[in-house]
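In: Sequence and predicted structure are below.
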Amino acid sequence: MANSREIQARMKSIKDTMKITNAMCMISSSKLQKARRDLKNTEPYFYAIQDALAKILDLSPETGNEFFDERKEIPKQERKQGYIVVTADKGMAGAYNHNVIKIAEKEALSDNKNMLFVVGQVGRRYFEKKNIPVDIDFKYTAQNPNMNRARVISEKIVDLYKRHELDEVYIVYTRMVNSVTFGAEITQLLPLKRHEIADVKENYYQQCVFEPNIDAVFEHIVPNYVAGFVYGALVESYCSEHNARMMAMQTATDAAKDMLKQLDIQYNRARQAAITQEITEVVAGSKAQKNKAE
């Protein structure tokens, strides 16, 4: 059994670690709430964009065929796919990064023609360590997702799709279902799917004039629509990351408390044993002195 001094040293170390994990849990909780508010504040704008696309398609069903073109004439083995992989910038978030990377490895690395775009330092370091090529100009952090970053990402992938350098574009991210449930998933960004753009019953655009034409307006709106989805995915991932880290840090804090309880029992036992040993030595010494005097 360790002596009381060693146990005290371990208890101090655990208490110091517990302060760190508790602080990280509180920080993640604060950032999580802020990210949720940002997403909620921007959702009406992107719903309006989706509504506008639906109304334009209702007026002109043939509009935007370029963005709905699935390019079925290209054989499956020759299709070029792009994958945006959203990871965190640091670990200590449970299985958050592992789940995203696992899907990316399964889907994106099945063909060497596929292009990999990685958001977050953890994913970038992982793929570089594995000698898996990633787009070197696509270097974005996962912290503080904003609309400007989402627009830059969407413009890049839309441009690659229009130039036929990519036939399909997917995003691998972590969707937050509720405050305790989240999961990694893969979603197709391009080509768009008509049935996923909501139908409208009333068309307020019937009397509108589109300048220079309806196709140009649609082509201008689509990158914003894609940017809205990318921004949503970035914020969802950011929320999921901090939710995972918050849960991981809370679990670590609880485990530290349990360890402290066990160490406290061991400390009391060691202290009691030391006191008993001292009393035994005093009694033995007293008896020895008494016997010597006789």
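Out: Received the coordinates, thanks. Numbers count the residues shown, from 1 in each chain.

In: Just the residues contacting stretch 158-173, thanks.
Out: 66-67, 71, 74, 79-86, 100, 103-104, 107-108, 115, 157, 184-191, 222-223, 226, 229-230, 233-234, 236-237 (C-beta atoms under 8 Å, 6 or more residues apart in numbering). Using the backbone N, CA and C atoms, a C-beta is placed for each residue, glycine as well.

In: Next one, pLDDT for G285 please.
Out: In this model, G285 is scored at 75, pLDDT.

In: so how many other residues sit close to S4?
Out: Counted with other C-beta atoms under 10 Å, residues neighbouring S4 total 17.

In: For A95, give its distance to I197.
Out: Taking C-beta to C-beta, to the nearest Å as the measure, A95 falls 34 Å from I197.

In: These two - which one has more neighbours?
Out: I197 (20 against 11).

In: Just give the number of residues close to the nearest residue to that one once chain neighbours are set aside.
Out: Spatially, and ignoring its direct neighbours in sequence, I197 is nearest to A54 (4.9 Å; C-beta to C-beta, 6 or more residues apart in numbering). Number of residues near A54 (other C-beta under 10 Å) recorded here: 16.

In: Give me the packing partners of the strand or helix carrying A54, helices and strands only.
Out: Assigned by DSSP states H and E, A54 belongs to helix 4-59. Judged by 3 or more C-beta pairs under 8 Å, 6 or more residues apart in numbering; DSSP states H and E, helix 4-59 is in contact with helix 214-293.

In: which other helices and strands contact the helix it packs on?
Out: If contacts are counted by 3+ C-beta pairs under 8 Å, 6+ apart, helix 214-293 sits against helix 4-59, helix 65-68, strand 81-86, helix 96-108, helix 147-162, strand 168-176, strand 182-190.

In: Quick check: which of the ones you listed is nearest to M246?
Out: Across those, M246 has its closest neighbour in helix 4-59 (4.1 Å, C-beta to C-beta).

In: what about the closest one, average pLDDT?
Out: In the prediction, helix 4-59 has an average pLDDT of 79.

In: cool, and stretch 191-198?
Out: Throughout stretch 191-198, pLDDT has a mean value of 74.

In: Check stretch 169-176 too.
Out: Per-residue pLDDT values over stretch 169-176 give a mean of 87.

In: Which of the residues in that stretch are classified as buried?
Out: By 16 or more other C-beta atoms under 10 Å, the buried positions in stretch 169-176 come out as 169-176.

In: quick one: that stretch to chain centroid distance?
Out: Relative to the centre of its chain, stretch 169-176 is centred 9 Å away, using C-alpha atoms, centre = their mean, to the nearest Å.
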